[in-house]
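*Asks:* Just to be clear, the model below is a prediction. Sequence and coordinates:
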Amino acid sequence: MRSLARAGQVFGLVTTMATMVVLGAGTASAEVPSNDTITGATAITTLPYEETVDTTEATTDAEDAAVNTNCGAPATNGSVWYTLTAGTSPAYVVDVSKSDYTAGVIVATGTPGNLSLVTCGPSSIGFEATQGETYYIMAFSDNPDVVGGQLSFTVRESGPAPKVSMTVNDIGTANASGTATISGTYTCIGEADFVVLQGTLQQEQPGGTQVRGSFDVPDLTCGGTADWSTEVTPESGKFLRGLSATSALTAGCNAIGCNVYDTLEVVRLRRGH
């Protein structure tokens with residue numbers, strides 16, 4: 001029994017020592033990042049740029065508050081700064097969405113103490129740039145209750161918002177079930193995160209009856225000109241042979257923004273199957 005008691009005492013002592021070691025290790029704090037303030041901003045010279053920074057000891061100051069005046073983020077806790085001098089790329093994307101806390105980004109031009117906001121937002125933002133212009137980029141925790149954490153910070157080049165256009169063929173079909181089929185082409189040039197094409201088809205029938213249906217063409221990609229076709233189901237009634245009108249638009253978007261093209265066309269519906 002004595003040996004068991006002694007073994008228990010030793011086990012307890014080892015456990016206590018291990019706990020002390022773990023607790024001692026936990027009290028070690030992260031260092032304040034070298035780019036905690038704008039005067040120590042990290043210069044980005046090679047793209048794409050990517051790094052992970054521990055911002056738990058980063059601070060916020062009057063410079064942060066001043067540049068946030070026209071942005072309105074709920075907080076600028078644990079901020080760190082970068083500079084980027086734009087090259088030939090027309091636009092750039094800054095992404096902090098993979099951080100382990102909710103993070104935001106502010107982009108500004110000017111000089112420390114006299115910055116002008118270019119753009120801002122949570123998670124990921126894009127901005128068009130002027131070659132040779134220096135941009136100050138601040139990444140921060142936008143949660144008033146969270147100082148920081150593991151910041152995942154990336155910057156890459158991007159094209160401008162894609163250019164889009166579309167056509168609607170002037171002949172469609174009205175099927176026996178009362179649905180209509182219309183078609184056309186769409187064009188998307190550039191880099192797009194998504195492309196949409198949607199609209200409505202409306203037909204005035206004898207007696208002033210209005211038959212209307214909406215359509216949305218899925219799975220569009222950006223890369224030139226392609227055909228599209230869709231079936232339009234009326235909200236009530238049936239589409240018949242004869243003239244109808246379609247109001248449609250296509251939009252192409254990326255992190256920089258969206259371009260939209262809309263059109264109003266007359267479509268003659270012929271008898272379908």
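*Replies:* That came through fine.

*Asks:* what residues are up against residue 178?
*Replies:* Applying CB atoms under 8 Å, 6 or more residues apart in numbering, we find residue 178 in contact with 234, 237, 238, 239. All C-beta atoms are positioned from the backbone trio N, CA, C, and that covers glycine.

*Asks:* could you redo the last one with a cut-off of 6 Å?
*Replies:* Taking CB atoms under 6 Å, 6 or more residues apart in numbering, we find residue 178 in contact with 238, 239.

*Asks:* do residue 222 as well
*Replies:* 162, 188, 192, 195, 252.

*Asks:* so where do the strands sit in the stretch 151-273 of the chain?
*Replies:* 163-168, 171-174, 180-189, 194-205, 209-217, 224-232, 242-254, 257-271 (DSSP state E, counting those that start in this stretch).

*Asks:* Parallel or antiparallel, which strands does the second one pair with?
*Replies:* Right, strand 171-174. Next to strand 171-174 in the sheet, as set by DSSP bridges, lie strand 180-189 (antiparallel), strand 257-271 (parallel).

*Asks:* Now the first one: buried residues?
*Replies:* Within strand 180-189, the residues scored as buried using 16 or more other CB atoms under 10 Å are 180, 181, 182, 183, 184, 186, 187, 188, 189.

*Asks:* what does the longest one give?
*Replies:* Buried residues in strand 257-271, counting neighbours by 16+ other CB under 10 Å, are found at 258, 259, 261, 265, 267, 269.

*Asks:* Need those residues in TSV (columns: distance to residue 222 and pLDDT).
*Replies:* Below are these laid out as TSV (distance: CB to CB, whole Å; pLDDT from 0 to 100):
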residue	distance to residue 222	pLDDT
258	12	94
259	11	96
261	13	98
265	23	97
267	26	98
269	30	97
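
*Asks:* so who does the closest residue to residue 109 other than its chain neighbours touch?
*Replies:* Distances taken as CB to CB, 6 or more residues apart in numbering place residue 116 nearest to residue 109, at 5.5 Å, with adjacent residues excluded. By CB under 6 Å, 6+ apart, the contact set of residue 116 is 108, 109, 110.

*Asks:* Buried ones among the residues you listed?
*Replies:* Buried subset of the contacts of residue 116 (neighbour count, 16+ other CB under 10 Å): 108, 109.
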